[in-house]
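In: Give me a 3D structure for the following:
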Amino acid sequence: MADQKVRAARGAIRVAEDASGSVLSATERLLAAMLERNGVAGGDIVSVFFTATDDLRSAFPAEAARKMGLGDVPLLCAREIPVEGAMPRVVRVLMHFYTDRPPDRVAHTYLDGAESLRDDLG
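Out: Have a look, this model is predicted:
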């Protein structure tokens, strides 16, 4: 890891409904896409921070990461700021990991309608 640096990738996914299975499967899909797009293995992850909008109450998004085998990675969930007019049913992720990629090569991942949250990345 001598030539690797800690980088951060953002991601978000819109969840179809507030049901435990929907929250967990959407979060797992988002995490898998973030790992794949950035060439990151589980051992390279430093930490993962999750937020969920107020209307998602059925599951902790971090549970999906644990089910993927990331139980040794520090995981934290928090409530997204409830801004009026914000997109509903969204899980957001901030993942820190070791990589040799420069910052402009880190892939940020937005899925299932959440792409509109970051039009600048399109």
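In: only C-alpha atoms for contact and neighbour calcs from this point on.
Out: Fine.
In: does the spatially most central residue of the chain sit in a helix, a strand or a coil?
Out: In the chain, the centroid-proximal residue (C-alpha atoms, centre = their mean) is residue 93; its distance is 2.8 Å. Following DSSP: H, G, I helix; E, B strand; the rest coil, residue 93 is assigned to strand.
In: so what's it up against?
Out: By C-alpha atoms under 8 Å, 6 or more residues apart in numbering, residue 93 lies in contact with 9, 10, 11, 12, 48, 49, 50, 51.
In: Apply 10 Å and report the result again.
Out: 8-13, 27, 30-31, 34, 48-52, 61-62, 76-77, 108-110 (C-alpha atoms under 10 Å, 6 or more residues apart in numbering).
In: same thing with residue 32?
Out: Under the criterion of C-alpha under 10 Å, 6+ apart, the neighbours of residue 32 are 26, 40, 65, 68.
In: And the residues you listed, which two are furthest apart?
Out: Spatial extent of the contacts of residue 32 (C-alpha to C-alpha) is set by the pair 26 and 40 at 19.0 Å.
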